[in-house]
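[1] no sequence for this one, just the structure:
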Ligand SMILES: [Zn+2]
C-alpha cells in the first residue's frame, strides 16, 4: 500500500474529527480520498454522520436526504481545502508584488 494513503484504522478514528470539521487540510485530502475508495469506512462515516446530523434534522422537523447531504458535506470539506491552497498562492503573489514595490521605491529614492 502507498504510504501516503490512509489506512482504515486511522480513517475510522478520524471520522468524528472530520464531522466536527476539525481535520487539517492534508488530513482532509487523505481522509476524503480514502472514503471514495473504501466502502467499509464510507459506511461507518454514513452511520456517524446520520447519528450527528440526522438528530438535528429530526429535532428541526426538516426532511433529510442522507446520501445527498453527506456527499455535499464531503465536497464542501474538499473544496474548502482547495480554496485554502488558492489563498496561500494568492498571498505569495501579493508578497512578491509588495517586495517589488518596496524595491522600486528604494531604487527611486536612493538610486543604485
Ligand atoms: Zn477503509
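    Sure, I can see it. Everything numeric here is computed off the predicted structure, so don't read it as measured data.
[2] tally of neighbours for residue 40?
    Other residues within reach of residue 40 by the criterion other Cβ atoms under 10 Å amount to 10. From N, CA and C alone the C-beta is placed, and that goes for glycine too.
[3] residue contacts, it?
    Residues in contact with residue 40, defined by Cβ atoms under 8 Å, 6 or more residues apart in numbering, are residue 8.
[4] give the next helix or strand downstream of the helix or strand harbouring it.
    Element membership for residue 40 (DSSP states H and E) is helix 39-49. Later in the chain than helix 39-49, the nearest helix or strand by DSSP H and E is helix 55-60.
[5] now do the next helix or strand after that next one, average pLDDT.
    As assigned by DSSP H and E, the chain's next helix or strand after helix 55-60 is helix 66-110. In this model, helix 66-110 carries a mean pLDDT of 82.
[6] for helix 66-110, name the packing helices and strands.
    In this structure, helix 66-110 makes packing contacts with helix 25-37, helix 39-49, judged by 3 or more Cβ pairs under 8 Å, 6 or more residues apart in numbering; DSSP states H and E.
[7] let's see 10 Å
    helix 8-19, helix 25-37, helix 39-49 (3 or more Cβ pairs under 10 Å, 6 or more residues apart in numbering; DSSP states H and E).
[8] do the second one and the ion meet at all?
    What it means is helix 25-37. No: using Cβ under 5 Å from the ion, helix 25-37 stays clear of the ion, coming no nearer than 5.6 Å.
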